[in-house]
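Novice: sharing a sequence plus its predicted fold:
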Amino acid sequence: MLDKPLIHTLMAAARQAREAAYAPYSGDFRVGAAVLTGDGQVFTGCNVENASFGASMCAERVAIFAAVAAGQRQLTALVVIADTPQPIPPCGLCRQVLAEFAPACQVIMANTKGDYQVATMEQLLPYPFEFRQP
Ligand SMILES: O=c1ccn([C@H]2C[C@H](O)[C@@H](CO)O2)c(=O)[nH]1
Ligand SMILES: [Zn+2]
């Protein structure tokens, strides 16, 4: 279980990352994310939209891919934050990507008011797809 100071550190990092969100097509629905690696590093991301809507990328996957691109494949926590009435949950695609690198990850869903809720990956994606060679 993550302690409160660490949750607040990660929430602050995600909130800061959200500032860079590029979200002109969603009406400025800005999202920030932060992931914690097994060795204590923090990587962040924001959503990056595109005129071809399907080419847009969620904040969570930007943060996860930044960690993996830096050689960090073991993720222990993820925070996602947006200006929403309730804490924001990660979308299904991000859950599947999280399951790849963070099967035992704690997911902290937050909003900019400071509300947050913690869930495990088992709760968010109980049956992740796993590829097996036939
Ligand atoms: O968990 C989520 C859900 C949505 N978005 C982004 C994608 C898009 O830019 C905007 C609206 O879906 O929010 C995220 O970054 N993370
Ligand atoms: Zn997503």
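Specialist: Looks like it came in fine. It should be emphasised that the depicted structure is a prediction, and the values quoted were computed from it without experimental measurement. Ligands and ions are numbered 1, 2, ... in the order given.
Novice: drop to CA atoms for contacts and neighbour counts, all remaining ones
Specialist: Noted.
Novice: next one: residue 115 from residue 15, what distance?
Specialist: 13 Å (Cα to Cα, to the nearest Å).
Novice: ditto for residue 43
Specialist: For residue 43 relative to residue 15 (Cα to Cα), the value is 12 Å.
Novice: picking that back up, so which of residue 115 and residue 15 has more stuff around it?
Specialist: Set residue 115 next to residue 15 and count neighbours by other Cα atoms under 10 Å: residue 15 wins out with 27 against 14.
Novice: would you map the helices across this structure?
Specialist: Assigned by DSSP state H, the chain shows helices spanning 4-18, 59-69, 92-101, 121-124.
Novice: tell me the most buried of the ones you listed?
Specialist: Highest mean neighbour count of the helices of the chain: helix 59-69, a mean of 22 (counted as mean count of other Cα atoms under 10 Å).
Novice: the closest residue to residue 105 other than its chain neighbours and ligand 1: what is the separation?
Specialist: Leaving aside its sequence neighbours, residue 105 sits nearest to residue 76 (Cα to Cα, 6 or more residues apart in numbering; 4.6 Å). Separation of residue 76 from ligand 1 (Cα to the nearest ligand atom, to the nearest Å): 18 Å.
Novice: tally of neighbours for residue 76?
Specialist: Close neighbours of residue 76, defined as other Cα under 10 Å, add up to 20.
Novice: could you count how many residues lie near residue 46?
Specialist: By other Cα under 10 Å, 29 other residues sit near residue 46.
Novice: so it sits right up against residue 64, yeah?
Specialist: No. Between residue 46 and residue 64 there is no contact under Cα atoms under 8 Å: 10.8 Å.
Novice: please name the nearest non-neighbouring residue to residue 10.
Specialist: residue 34 (6.0 Å).
Novice: list the contacts of residue 45.
Specialist: 14, 17-18, 32-34, 59-64, 66 (Cα atoms under 8 Å, 6 or more residues apart in numbering).
Novice: can you check the pLDDT for residue 104?
Specialist: Note for residue 104: predicted pLDDT of 88.
Novice: apart from its chain neighbours, what residue comes closest to it?
Specialist: Counting by Cα to Cα, 6+ apart, residue 104 lies nearest to residue 121, which is 6.1 Å off, once chain neighbours are set aside.
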